[in-house]
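J.: Sequence isn't available, so here's the structure alone:
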């Protein structure tokens, strides 16, 4: 009888997995068409914007560089 109980565990797990899979793969309710069209319009507007330039301008000679750490003097430069 103990063997039957141990064999029921994988059987129950298989049945639960089949039920969960069939529940997850069910047909969803149709999406709201108006909301979908609004989302698509917002997506098109976002894609139409130009991308910012990826190149940074280097500071001219004599101008402070923005590459230093904020907060004053660099501790590693004084050592």
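T.: Thanks, I have it. Here the structure is a predicted model, which is why all the values come from computation and not from measurement.

J.: Helices along the chain, start to end?
T.: Listed in chain order, the helices of the chain (DSSP state H) span 2-24, 33-48, 75-78.

J.: Can you pull the poorly scored residue ranges out of the chain?
T.: Applying pLDDT under 70 to the chain flags residues 59-60, 62-79.

J.: Please repeat the previous calculation with a cut-off of 50.
T.: The chain contains residues with pLDDT under 50 at 79.

J.: For the helices of the chain, please prepare TSV with the additional fields distance to residue 56.
T.: In this view, the C-beta of every residue, glycine as well, is placed from N, C-alpha and C. What follows is the helices of the chain, written out as TSV (distance: least, Cβ to Cβ, whole Å):
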stretch	distance to residue 56
helix 2-24	47
helix 33-48	24
helix 75-78	22
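
J.: Kindly state which of those helices is positioned closest to residue 61.
T.: Of all the helices of the chain, helix 75-78 sits nearest to residue 61, with 19.3 Å by Cβ to Cβ.

J.: on that earlier part again, nearest to residue 58, out of the helices of the chain?
T.: Residue 58 lies closest to helix 75-78 among these, at 20.2 Å (Cβ to Cβ).

J.: before we move on, the earlier item: distance to residue 61 and mean neighbour count for the helices of the chain - can I get that in TSV?
T.: Below are the helices of the chain laid out as TSV (distance: least, Cβ to Cβ, whole Å; neighbours: other Cβ atoms under 10 Å):
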stretch	distance to residue 61	mean neighbour count
helix 2-24	63	9
helix 33-48	39	9
helix 75-78	19	7
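
J.: Tell me which of those sits nearest to residue 55.
T.: The nearest among the helices of the chain, by Cβ to Cβ, is helix 33-48 at 22.1 Å.

J.: and residue 31, what is it in contact with?
T.: Residues counted as contacts of residue 31 (Cβ atoms under 8 Å, 6 or more residues apart in numbering): none.

J.: any idea how far it lies from residue 2?
T.: Separation of residue 31 from residue 2 (Cβ to Cβ, to the nearest Å): 51 Å.
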